[in-house]
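> Sequence and predicted model, in that order:
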Amino acid sequence: MTAPRKPQVALTSKAAPFVIRAERAGDVAVREALLDACFGETRHGRTCQRLRDGRAPAAGLALSAMRDGKLVGTVRLWHVSAGGRPALVLGPLAVDPACRELGIGAALMRQALAAARARGHDAVVLLGDAPYYARFGFSTEKTAELSLPGPFERDRLLAIEFTDGALDGAAGMIVPTGPALPKRRSVRAPEAHAA
C-alpha cells in the first residue's frame with residue numbers, strides 16, 4: 001500500500017502560493033465556469049471534447065490548482081485508444097487568466113504527467129500548441145498516422161511516451177475507452193390530476 005501523496009505547493013514571487021490537489025466534487029461548477037472563461041461556451045463542440053463526453057476522467061488524474069481558497073487551474077486525463085494502443089488524452093488544461101504568470105499551468109502539467117507515469121500509463125496524447133508542450137516532452141514524432149474524431153490541425157496533435165515504443169506503429173482513430181459516466185435519472189414532476 002502506498003502512502004497518500006501530499007498536495008504540491010508551489011511558491012511564487014508575486015503573491016500567495018498555490019496548491020495542486022485531487023479534484024473534488026465541489027470543484028465541478030467552478031471548474032466548468034473556468035473552462036467557459038478560458039475556452040468560451042462553444043468549447044463543448046471542439047474535437048477533443050468528443051473523447052471526453054459521457055466519460056469519467058482516469059482515476060487519480062483530475063487535478064485542481066487552488067490559490068487563496070479559490071480554484072484557479074484544472075487539468076484532467078482520460079483513457080483512450082490511440083490507433084489501437086492504450087494511452088491517455090490530456091485536456092483541458094486551463095488557468096484563470098488573472099493567474100497565468102504564476103506557473104500554475106506548468107505545475108499542473110508536471111504533476112499530471114508524474115501521476116500518470118506513477119500509475120503505470122505508457123503514453124499521453126493531446127491537441128495543443130507544440131512550442132508550449134515541447135518543454136514537457138511532447139512532439140509530433142508518434143502522431144503522424146493518428147487522427148481525431150473531427151477537424152484538427154496535424155501539427156497540434158502531440159504525444160509523449162513514458163514507455164519507449166508505446167506508440168510505435170500507432171495508426172488510426174483516437175477513441176475514448178474510459179468508463180462511462182452513470183446516466184442521470186430524469187426526475188419528473190408529479191402530474192396534475194384533473195378534479
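Structure's in. What do you need? Note that the structure is predicted; figures quoted are calculated from it, not measured. Numbers count the residues shown, from 1 in each chain.
> alpha carbons only for contacts and neighbour counts from here, please
Fine.
> average pLDDT across the lengthiest helix in the chain?
In the chain, taking DSSP state H as the definition, the longest helix is helix 104-118. Mean per-residue pLDDT for helix 104-118: 97.
> For that helix, list the C-alpha coordinates in CSV.
What follows is helix 104-118, C-alpha atoms only, in CSV (Å, rounded to 0.1, in the frame of the first residue of the first chain):
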residue,chain,number,x,y,z
ILE,A,104,0.2,27.2,-12.5
GLY,A,105,-0.2,25.6,-15.9
ALA,A,106,3.3,24.2,-15.9
ALA,A,107,2.9,22.9,-12.4
LEU,A,108,-0.4,21.2,-13.3
MET,A,109,1.3,19.6,-16.4
ARG,A,110,4.3,18.3,-14.4
GLN,A,111,2.1,16.9,-11.6
ALA,A,112,-0.4,15.3,-14.1
LEU,A,113,2.3,13.7,-16.1
ALA,A,114,4.1,12.4,-13.0
ALA,A,115,0.9,11.0,-11.7
ALA,A,116,0.1,9.3,-15.0
ARG,A,117,3.6,7.8,-15.1
ALA,A,118,3.3,6.7,-11.4
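> residue boundaries of the helices in the protein?
28-39, 104-118, 130-134.
> possible to save those helices as TSV with distance to Pro17 and mean neighbour count?
Formatted as TSV, these follow (distance: least, CA to CA, whole Å; neighbours: other CA atoms under 10 Å):
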stretch	distance to Pro17	mean neighbour count
helix 28-39	19	15
helix 104-118	10	19
helix 130-134	23	14
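> re the thing from before, give me the helices and strands touching the longest helix of the chain, please.
In this structure, helix 104-118 makes packing contacts with strand 62-67, strand 70-82, strand 94-95, judged by 3 or more CA pairs under 8 Å, 6 or more residues apart in numbering; DSSP states H and E.
> got TSV for the helices of the chain, with distance to Lys142 too?
Listed next are those as TSV, based on distance: least, CA to CA, whole Å:
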stretch	distance to Lys142
helix 28-39	27
helix 104-118	18
helix 130-134	13
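> Asp68: which of these is closest?
Closest to Asp68 of the helices of the chain is helix 104-118 (CA to CA; 13.5 Å).
> Burial check on the residue nearest to Gly60 when sequence neighbours are not counted, number of neighbours?
Nearest non-adjacent residue to Gly60, counting by CA to CA, 6 or more residues apart in numbering: Ala22, 7.0 Å away. For Ala22, the count of nearby residues is 15 (other CA atoms under 10 Å).
> Quick one: residues contacting Ala22.
Counting by CA atoms under 8 Å, 6 or more residues apart in numbering, Ala22 touches Pro7, Gly60, Leu61, Ala62, Leu63, Ser64.
> How about Leu88?
Counting by CA under 8 Å, 6+ apart, Leu88 makes contact with Leu77, Trp78, His79, Val80, Ser81, His121, Ala123, Val124, Val125.
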